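1. missing the sequence, but the structure's below:
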């Protein structure tokens, strides 16, 4: 594993000057993962913040080959590129080893792109799929997705006078859904634990088949916090066990980080404006239930990694 | 050297694909296209092609993977029908606008609802504004020949656009016919090597595909697509000439059948033209000066050439195997009719919408149309063979 100093000397794949927001988690996630590749990379992105903000014609922030096709199909698109690579390599038209990466937001992965992703996983393409999970449709303006946690307010599931909770349903456990495809490598990570994330990305690149990284991507605009707090928020998610760090290698689950002292979920809720309403009188009963759900999920995770 | 086989339309297309030997095929089965995918999968399984085949989980992913593979620098093919094309819709446009010369046989089938697996042209007509080149075939031989020529047309440096090779579902796709195949080596030589100008996989010269293109550039890019489309007819004719030298089979933008002295004529796409030729022969025997313009290219639409070819005709029946709901007649009718606007010499143009959902069209149906053409009382848009 390279040191932080060594990593800082690696050539950047994504140049500065892109138009993502200050404090955007997605660009930090991408930067760390791209640093982990020892081979040249070909990158795909689904429609979303990361795509629109890095490639506004006639400019591009990408110093490596990049393709955007549509919203729901980055997995299939990169599977096409990876297949073309195998076909052309077989014929001797390409000689270099290339790593293929698909970046999708939670909307493009949990929701509209889940079929395309599932197909790729089942077919066994050698590529790394990265979901930068900012827990809502941020590019279109903070709409609920299957990744939005229960109790968050969004523009399509706002906390109101009658529905006081915001989103009333729990989030989809996408990492588990992906793991059910029995691919060689699945992991959940946070950019705030860069060492953990880069290690996982390296493992993902190394396996012979599909690998999946679900990486929390804190979003200052959508989550309502100050841009300078992104890394802190990403840490708090892990320390409250809202976003556990773990990996599943060839079916074997391991929690890669256990907080010394598990912080209460109210710390997490207090850190972001999207949860502000949870502290109102009418939502008090929900707080306990939300803590119970997090505890239960964490316990289950620990059990399955024994 | 030729090789004569008894093949269905689907098998003839699969054989063409085997001989083209694309780098990547990404496809999903759908009736009546399924035999193309099945036959091709056997070729892969038996090591008869070098192709890497992606057996995707949907047509949407088929076209998505084709876009990724073609941008990467691979020669790419897929095939579909009706609802499959409808599902890949979004990416059909993206393939054309990204200027990727993907070749896609489309086995024409009616769109749902109600669900129907038989032939009409509602699928391809819906995609007429997508930026794809659209070629139609009369029979299995033409489906085979068009598939091979499509590679050359789409990949031409002046064009770089995807090509849809249309063949009528069941009527052509499942009908067994005599098909004259080329040698494998002759096809290899005819199509040549594919070279994508800025391949995605060139890691030393990185390019960005699919950027966000706003009001300051989008329009110019659309305009460039129009220009590319305007160059297609010339390339189609050049490729046809070369193909003709190789096979003795002549192709153009359309084919004229007994049209030179015709007073009454018809225009149609696809397998109906075979039926129409018999009807025209019988009408000629009856002394009716009947003729046929068998249209091969629907996109780009060779409007000026058609206008010229039919200007001496008194009455023209335009056969549409698709409806454009709310429009004044079928798509072929409106294209041809608008082509004559402002022309001094123009036939009286009548539209016949027919054959939807695989409804048969017979020699007698076509002859009846010609008999009615002389009757001045008919409506401009008519529905042929439907219970009213």
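-> Received the coordinates, thanks. Predicted, not measured: the structure shown is a model, and the values here were computed from it.
2. Tell me how many other residues crowd residue 193.
-> No chain was given, so I picked chain A. 20 (other C-beta atoms under 10 Å in any protein chain shown). (Glycine included, C-beta is placed from N, CA and C.)
3. other chain: chain B
-> 8.
4. repeat for residue A:147
-> 24.
5. Quick check: it touching residue A:137?
-> No. The pair residue A:147 / residue A:137 is not scored as a contact, 9.6 Å apart, by C-beta atoms under 8 Å.
6. which residues do the two both contact?
-> residue A:107 (C-beta atoms under 8 Å, 6 or more residues apart in numbering or on different chains).
7. Would you quantify the distance from residue A:64 to chain B?
-> Note on residue A:64: its distance to chain B, by C-beta to the nearest C-beta, to the nearest Å, is 5 Å.
8. got a list of what that residue touches?
-> A:13, A:34, A:40-43, B:203, B:206.
9. residues contacting residue B:281?
-> residue B:258.
10. Whichever of the contacts of residue A:64 end up buried, select them in PyMOL.
-> In PyMOL syntax, the buried subset of the contacts of residue A:64 is picked out as below (16 or more other C-beta atoms under 10 Å in any protein chain shown):
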select buried, (chain A and resi 13+34+40+41+42+43) or (chain B and resi 203+206)
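11. Now go through the contacts of residue A:64 and say which are in strands.
-> A:41-43 (DSSP state E).
12. Among the contacts of residue A:64, which one sits closest to residue A:261?
-> residue A:34 (33.2 Å; C-beta to C-beta).
13. does that closest one really touch residue A:14, like I thought?
-> Yes. Contact status for residue A:34 versus residue A:14: in contact at 6.7 Å, counting by C-beta under 8 Å.
14. Surely residue B:25 is within a helix?
-> No. Going by DSSP: H, G, I helix; E, B strand; the rest coil, the assignment for residue B:25 is strand, not a helix.
15. give me the beta-bridge partners of the single nearest residue of the stretch 251-388 of chain B relative to chain A?
-> Residue nearest to chain A within the stretch 251-388 of chain B (C-beta to the nearest C-beta): residue B:299, separated by 22.3 Å. Here residue B:299 sits in beta bridges with residue B:134, as judged by DSSP bridges.
16. and it, what is it in contact with?
-> Contacts of residue B:299 by C-beta under 8 Å, 6+ apart are B:128, B:132-134, B:229.
17. Can you tell me which of these has the most neighbours?
-> residue B:133 (26 neighbours).
18. right, and it touches residue B:155 too?
-> No. Counting by C-beta under 8 Å, residue B:133 sits too far from residue B:155 to count as a contact (11.2 Å).
19. which bits of the stretch 1-150 of chain B sit near chain A?
-> Residues of the stretch 1-150 of chain B lying close to chain A (C-beta under 8 Å from any C-beta of the partner chain) are B:23-24, B:26, B:50-52, B:54-58, B:60-61, B:64-74, B:76, B:90-91, B:94.
20. Whichever of those end up buried, select them in PyMOL.
-> Buried residues within the residues of the stretch 1-150 of chain B next to chain A, by 16+ other C-beta under 10 Å, are selected in PyMOL with:
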select buried, chain B and resi 23+24+26+51+52+54+55+56+57+58+60+61+64+65+66+67+68+69+70+71+72+73+74+76+91+94
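21. Which ones among the residues of the stretch 1-150 of chain B next to chain A map onto helices?
-> Assigned to helices by DSSP state H, the following of the residues of the stretch 1-150 of chain B next to chain A qualify: B:60-61, B:64-72, B:90-91, B:94.
22. In JSON lines, list the residues you listed along with pLDDT.
-> Output for these, formatted as JSON lines (pLDDT from 0 to 100):
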{"residue": "B:60", "pLDDT": "98"}
{"residue": "B:61", "pLDDT": "98"}
{"residue": "B:64", "pLDDT": "98"}
{"residue": "B:65", "pLDDT": "98"}
{"residue": "B:66", "pLDDT": "98"}
{"residue": "B:67", "pLDDT": "98"}
{"residue": "B:68", "pLDDT": "98"}
{"residue": "B:69", "pLDDT": "98"}
{"residue": "B:70", "pLDDT": "98"}
{"residue": "B:71", "pLDDT": "98"}
{"residue": "B:72", "pLDDT": "98"}
{"residue": "B:90", "pLDDT": "98"}
{"residue": "B:91", "pLDDT": "98"}
{"residue": "B:94", "pLDDT": "98"}
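23. any idea how far residue A:235 is from the residue of the stretch 251-388 of chain B closest to chain A?
-> From residue B:299 over to residue A:235 the distance is 56 Å, taken as C-beta to C-beta, to the nearest Å.
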